[in-house]
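In: Structure for this input, please:
(one chain, ligands or ions: 1)
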Amino acid sequence: MPDALQLLQTRRSVKPVDLVAPAPSRAELDTLFTVASRVPDHGKLTPWRFIIFEGDARCAAGDKIAAIFQADHPDAKPEHVDFERTRLARAPLVVAVVSRAAPHVKIPEWEQVLSAGAAAMNLVHATYALGYAANWITEWYAYDRRVLDALGLAPHERIAGFVHIGTPVRPSEDRPRPPLAEIVTRFGG
Ligand SMILES: Cc1cc2nc3c(=O)[nH]c(=O)nc-3n(C[C@H](O)[C@H](O)[C@H](O)COP(=O)(O)O)c2cc1C
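Out: Purely as a prediction, here's the structure:
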């Protein structure tokens with residue numbers, strides 16, 4: 001298990017197509033969700049939940065995505081529709097992080113949304129801590145209400161991310177990170 005700070009300093013996303021089996025086991029999934037749900041949550045509202053896509057269920061979800069894509073693009077080439085069908089089947093495991101943020105008398109909705117982002121990031125870090133890799137993406141279907149309905153989301157629920165998880169086939173290249181001098185200031189009073 002890598003040292004925590006080293007893991008945080010070196011983690012980088014791996015493309016969904018570069019994530020292969022094995023995926024985390026059932027016991028490891030419990031660890032992932034335990035970590036993902038251990039995030040700051042103003043008001044203890046649990047304003048997020050998780051949906052696991054694995055095995056054939058990934059393609060069943062893909063069928064729904066492809067059907068909606070085809071309805072909007074009746075002239076699409078079959079290979080394009082087939083690609084839409086495999087959206088959630090590129091990696092062996094996909095976890096949808098669902099935001100359940102809703103208006104509340106005391107807790108701003110914005111803070112509930114941020115908590116879902118924290119849950120997604122904890123899920124990603126825990127994945128790497130277990131020796132796997134991940135990619136947090138959304139893509140068009142995360143924003144299509146018909147797809148969200150078909151995946152079982154309630155009308156107020158939204159996708160914070162589809163976190164793709166698996167074993168990396170190759171290390172991915174790092175990307176430039178923002179220079180600290182550009183993003184960190186010290187308040188001068
Ligand atoms: C909320 C959210 C949604 C994202 N959606 C996409 C996406 O749809 N497609 C994509 O290529 N990258 C998307 N990304 C970016 C990927 O996570 C990208 O691989 C990542 O920024 C690389 O960062 P890293 O090098 O620190 O791992 C998204 C990131 C976030 C936070």
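In: Near the ligand, which residues of this protein are found?
Out: Within reach of the ligand by C-beta under 6 Å from any ligand atom, the chain has these residues: 12, 13, 135, 136, 137, 138, 139, 161, 175. In short, each C-beta sits where N, CA and C put it, glycine included.
In: and those residues, which are buried?
Out: 13, 135, 136, 137, 161 (16 or more other C-beta atoms under 10 Å).
In: Now go through the residues of the chain next to the ligand and say which are in strands.
Out: Secondary structure of the residues of the chain next to the ligand is defined by DSSP state E; positions in strands are 135, 136, 137, 161.
In: so the residue nearest the centre of the chain is in which element?
Out: What sits nearest the mean C-alpha location of the chain, by C-alpha atoms, centre = their mean, is residue 163, with 2.6 Å. Assigned by DSSP states H and E, residue 163 belongs to strand 158-168.
In: Given that strand, what are its sheet partners and their directions?
Out: If you go by DSSP bridges, strand 158-168 pairs up with strand 19-20 (antiparallel), strand 93-99 (antiparallel), strand 133-137 (antiparallel).
In: Out of those, which gets nearest to residue 45?
Out: strand 93-99 (11.2 Å; C-beta to C-beta).
In: What ranges in the chain fall below the confidence cut-off?
Out: For the chain, residues meeting the criterion pLDDT under 70 lie at 1-2.
In: Which residue does this protein have closest to the ligand?
Out: residue 13 (3.1 Å; C-beta to the nearest ligand atom).
In: Test of understanding: give the bridge partners of the residue nearest to that residue when sequence neighbours are not counted.
Out: Nearest residue to residue 13, sequence neighbours excluded (C-beta to C-beta, 6 or more residues apart in numbering): residue 135, at 4.4 Å. When assigned by DSSP bridges, residue 135 has beta-bridge partners residue 164.
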